[in-house]
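S.K.: sequence and computational prediction follow.
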Amino acid sequence: MDISEVVKQTGLPPSTLRFYEEKGLIKSVGRQGQRRLFDAKVLERLSVIALGRSAGFSLAEIHSMLPVNEKIQVSRDTLLAKAEQVDSDIKRLKAVRDGLRHAANCPEQNHLECPTFQRLMRAAISRQRESR
């Protein structure tokens with residue numbers, strides 16, 4: 001199928017397909033004039049890329065799941081590790097959400113006088129130090 005058919009079926013712009021090809025995530029099987037041609041299996045690979053991106057995997061991590069031999073291999077350990085990371089992100093984001101709601105409704109005249117807001121600021125600094 002030519003690149004326009006892949007664009008139509010996936011909704012991805014041609015520039016993304018060219019970028020993915022440049023990064024080795026997909027490959028064209030030839031050209032018809034100026035247009036790249038792809039095997040129908042490219043749709044499966046693009047689906048895995050989309051799923052990986054939505055799960056928060058980097059393109060490098062996704063690349064490791066899409067080896068050259070065309071057989072897609074996703075390590076269960078990698079999936080479990082990502083699930084743990086997502087759980088951690090959810091927990092952190094819930095705390096941020098709750099802090100924002102508290103700050104918006106805080107009865108203190110100044111947020112810096114609010115003990116809860118002060119605790120949130122200390123936690124944010126601690127997380128920033130830990131991430132280094």
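M.R.: Noted; the coordinates are in hand.

S.K.: ok, the residue at the greatest distance from the centre of the chain to Ser47 distance?
M.R.: Largest separation from the mean C-alpha position in the chain: Gln109, at 39.5 Å (C-alpha atoms, centre = their mean). Separation of Gln109 from Ser47 (C-beta to C-beta, to the nearest Å): 53 Å. Glycine gets a C-beta too; all of them are placed from N, C-alpha and C.

S.K.: for the protein, which helix is longest?
M.R.: Secondary structure assigned by DSSP state H gives helix 76-105 as the longest helix of the chain.

S.K.: okay, buried residues for that helix please.
M.R.: Going by neighbour count (16 or more other C-beta atoms under 10 Å), the buried part of helix 76-105 is 82, 99.

S.K.: again, but for stretch 116-132
M.R.: Of all the residues in stretch 116-132, those buried under the rule 16+ other C-beta under 10 Å are 117, 120.

S.K.: give the contact list for the nearest residue to Ser75 once chain neighbours are set aside.
M.R.: Closest residue to Ser75 apart from its sequence neighbours, by C-beta to C-beta, 6 or more residues apart in numbering: Met65 at 7.8 Å. Met65 makes contact with 48, 52, 57, 72-75, 78, according to C-beta atoms under 8 Å, 6 or more residues apart in numbering.

S.K.: show me which of the residues you listed is closest to Ala104.
M.R.: Closest approach between the contacts of Met65 and Ala104, by C-beta to C-beta: Phe57, at 33.6 Å.

S.K.: what secondary structure does the closest one sit in?
M.R.: Assigned by DSSP: H, G, I helix; E, B strand; the rest coil, the conformation of Phe57 is coil.
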